[in-house]
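J.: Test case, fold it:
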Amino acid sequence: MTYALSDMAVYWLRHRSPTVLAVIGLAMIAVSAVFLLGVGLALPFMNKGEVASLHASFAPSANAIDADIVLPQEPYPVQVRHRIEGTSDLVVTFLAWAFWRAAGLMLLGMTAWKLRLFTAERSDRTMAGVGLLMGRPLVLFGVWDRIRMGWAWPTPSTAAFSTTTGPASW
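T.: From the prediction side, this is the model:
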């Protein structure tokens, strides 16, 4: 749904120049980033109950997970009632974050398409060089940030027997 609605919005920009598409795309991604930054900056000012409910929504209890697993087995009217109850949260998430991010990424993809980056006109060496020059600093920053936050490489003994060594536990 997010991509269908975002696509309807960015479709009208398809005839714009790559520069305009890139600027609008980056601006749209910035909207979602500013929203997330605002939420992060507001956390210290929230009361403990609000913060606890926010954390609980990202780490549901076993009972909540079991209820979600059982829900598709319920009669259709029960499923609809449950979906209607969660609709307001989805609308807020879509308008505040998902739409801006998806539409911005679509516009950046349209920019790359108009610049003919997806064709074989450019040499493989050139594109590999551009990818390395852009990708390596991003990966190195990500590793630096993980180490700064106290992350450590999983050891072979813990990685072989633990299910918590994947990205979800980082």
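
J.: quick one, domains of this structure?
T.: Taking automatic domain parsing as the domain assignment, the ranges for the chain are 2-121, 124-170.

J.: Report the rounded mean pLDDT for the longest one.
T.: Taken as a whole, domain 2-121 has a mean pLDDT of 87.

J.: what's the spacing between it and its chain's center?
T.: Mean-position distance between domain 2-121 and its chain equals 7 Å (C-alpha atoms, centre = their mean, to the nearest Å).

J.: Against residue 81, how distant is the residue lying farthest from the centre of the chain?
T.: No residue in the chain sits farther from the centre than residue 75, which is 32.2 Å out by C-alpha atoms, centre = their mean. Distance, residue 75 to residue 81, by C-beta to C-beta, to the nearest Å: 10 Å. Heads up, the C-betas are built off the backbone N, CA and C, glycines and all.

J.: what does residue 1 give?
T.: Per C-beta to C-beta, residue 1 is found 19 Å from residue 81.

J.: who has more neighbours, those two?
T.: Each of residue 1 and residue 81 has its neighbours counted (other C-beta atoms under 10 Å); residue 81 has more, 11 against 8.

J.: residues of the helix or strand that contains that one that come out buried?
T.: Under the criterion of DSSP states H and E, residue 81 resides in helix 76-85. Residues of helix 76-85 classed as buried under the neighbour-count rule (16 or more other C-beta atoms under 10 Å) do not occur.
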